[in-house]
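K.L.:
give me coordinates for this.
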Amino acid sequence: MALQLMKLLVTATTTTDAVPTDSRFFHTTTGETAAGSTLTIDAASFFEDTGAAVTSLPSLAANNNYFNVYINGVLQMDDLSTYTPGATGVGSLAIDVPAGGDSILTSTPIVLEIVSFAPSSTTTVET
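P.N.:
Have a look, this model is predicted:
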């Protein structure tokens with residue numbers, strides 16, 4: 001018999017599920033926020049989809065979450081807002097209203113949307 005290179009034959013298949021969870025928090029402004037100012041909304045000033053008051057804004061895990069801010073139904077640019085997780089007095093959303101632009105009027109709806117992912121993977125190895 002001639003010499004042969006002996007090697008293993010291995011195949012692997014990985015299935016990954018992203019499993020997103022979407023949370024929405026709602027607020028209606030109580031006063032006008034002028035251009036060049038910052039509107040800061042405390043966690044307790046938001047309410048959930050059910051109408052229940054919010055007591056805490058959730059933490060965002062690195063690389064597994066993102067948040068969107070909508071003002072009067074319009075998605076806003078990322079660098080205009082700062083999200084701070086936590087309970088009343090700590091958790092908040094701060095929106096910088098650009099100087100030279102329009103103000104945010106009284107009774108304007110603000111929606112904070114948080115999307116979180118809980119990925120799971122399964123690998124099957126066959127030899």
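K.L.:
from residue 94, how far off is the residue positioned nearest the centre of the chain?
P.N.:
Nearest to the mean C-alpha position of the chain, by Cα atoms, centre = their mean, lies residue 67 at 2.5 Å. Taking Cβ to Cβ, to the nearest Å as the measure, residue 67 falls 12 Å from residue 94. Every residue, glycine included, has its C-beta placed from N, CA and C.
K.L.:
intersection of neighbour lists for the two?
P.N.:
residue 81 (Cβ atoms under 8 Å, 6 or more residues apart in numbering).
K.L.:
if we can go back for a sec, I'd assumed residue 84 was in contact with the residue nearest to the centre of the chain.
P.N.:
No - Residue 67 lies out of contact with residue 84 (Cβ atoms under 8 Å); the separation is 10.9 Å.
K.L.:
just the strands in this structure please.
P.N.:
Assigned by DSSP state E, the strands in the chain fall at 11-17, 20-28, 38-42, 56-57, 65-71, 74-75, 81-84, 86-87, 92-96, 109-117, 120-126.
K.L.:
where does this structure have low pLDDT?
P.N.:
Under the criterion pLDDT under 70, no range of the chain is flagged.
K.L.:
close enough to count as contact, residue 38 and residue 99?
P.N.:
No - using Cβ under 8 Å as the test, residue 38 is too far from residue 99 to be in contact (11.2 Å).
K.L.:
which one's more surrounded, the two?
P.N.:
residue 38 (12 against 9; other Cβ atoms under 10 Å).
K.L.:
which residues touch that one?
P.N.:
Going by Cβ under 8 Å, 6+ apart, the list of residues near residue 38 reads 94-97.
K.L.:
kindly recompute the last result at 6 Å.
P.N.:
94, 96 (Cβ atoms under 6 Å, 6 or more residues apart in numbering).
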